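*Asks:* No letters, just coordinates:
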Ligand SMILES: NS(=O)(=O)c1c(F)c(F)c(-n2cc(CC3CCCCC3)nn2)c(F)c1F
Ligand SMILES: [Zn+2]
């Protein structure tokens, strides 16, 4: 089977062939976050702010895997996540992006049907579970909250100085399969909004194969601004078939019996 991707031949509508859960799963991601009406997100006053402890990464690899660009620190990184809807502490694994080829599409989650030009995903795994002790094991564990992914929408505006070290590196990983060791330190905390209080949260899955239904999703209301030039830099990254990655986002999946909680009114 040709490896999965986002083209007509190997895109989301074909993933069920190797990953039946794409069509049979009842907690698939992404979803459209609806804020009014019957199936809308419900305010939950018990939801606390998300707490991240992200010391600047000193060693990391920046990789173009043909379907996204991924920043992966070395195993020794101590970055952690807790709070919000979580009852355990999670370890940071990697971050990556999803984007479109114009500003009206690109994010995986949507808000009342609206797509943002891109979405940043910070992937973490539950480091306090007795059932697994690595990210790979966590994904295969069938634990409903083995992973927690923080999603941030990107919107076009001022240049994002904190993300500049990343967007400036995109030209160095233009070819699929290429990677560079990240030069110097990267401060991920500086990329995020000050307060991590306003978010949607729901039970879902990886949005790419293996589409494992093991993710506690936390999608923040406040977008992160990046410049047009920074958006264009993503759109110049190649997919391994000599074409730029022009839309590595999965369409929204059915909610089924799930509810979405909101930490804000
Ligand atoms: N969009 S998302 O839902 O935030 C998202 C994720 F959360 C991920 F964890 C991955 N992921 C996939 C693998 C391969 C592993 C290969 C060995 C078995 C486990 C998966 N590494 N990280 C991923 F690609 C992705 F897109
Ligand atoms: Zn993602």
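*Replies:* Arrived safely, thanks for sending. As the structure is a computational prediction, the values presented were derived from the model and not from experiment. Residues are numbered from 1 along each chain as shown. Ligands and ions are numbered 1, 2, ... in the order given.

*Asks:* contacts, neighbours, all on C-alpha from now
*Replies:* Noted.

*Asks:* and residue 157, how many neighbours?
*Replies:* Applying other C-alpha atoms under 10 Å, we find 12 residues neighbouring residue 157.

*Asks:* again with residue 150
*Replies:* Neighbours of residue 150 (other C-alpha under 10 Å): 20.

*Asks:* ok, the spatially closest residue to residue 253 that is not a sequence neighbour to residue 41 distance?
*Replies:* In this structure, residue 253 finds its nearest non-sequential neighbour in residue 31, 5.2 Å apart by C-alpha to C-alpha, 6 or more residues apart in numbering. Using C-alpha to C-alpha, to the nearest Å, residue 31 is found at 12 Å from residue 41.

*Asks:* The residue nearest to residue 253 is in contact with residue 250, isn't it?
*Replies:* No. Look at residue 31 against residue 250 with C-alpha atoms under 8 Å: they stay out of range, at 9.4 Å.

*Asks:* Spit out the residues that contact those two alike.
*Replies:* Shared contacts of residue 31 and residue 250 (C-alpha atoms under 8 Å, 6 or more residues apart in numbering): residue 108.

*Asks:* can you pull out the helices in the stretch 151-265 of the chain?
*Replies:* Using DSSP state H, counting those that start in this stretch, the helices found in the stretch 151-265 of the chain span residues 164-167, 228-234.

*Asks:* Can you tell me which of these is nearest to residue 14?
*Replies:* helix 228-234 (24.5 Å; C-alpha to C-alpha).

*Asks:* Just give the number of residues close to residue 181.
*Replies:* 13.

*Asks:* measure the residue lying closest to it once chain neighbours are set aside to residue 70 for me?
*Replies:* Residue nearest to residue 181 in three dimensions, not counting chain neighbours: residue 61, with 4.4 Å by C-alpha to C-alpha, 6+ apart. With distances taken as C-alpha to C-alpha, residue 61 is found 8 Å from residue 70.

*Asks:* host element of residue 70?
*Replies:* Assigned by DSSP states H and E, residue 70 belongs to strand 69-73.

*Asks:* helices and strands around that strand, which ones?
*Replies:* With contacts taken as 3 or more C-alpha pairs under 8 Å, 6 or more residues apart in numbering; DSSP states H and E, strand 69-73 sits against strand 60-64, strand 90-99.
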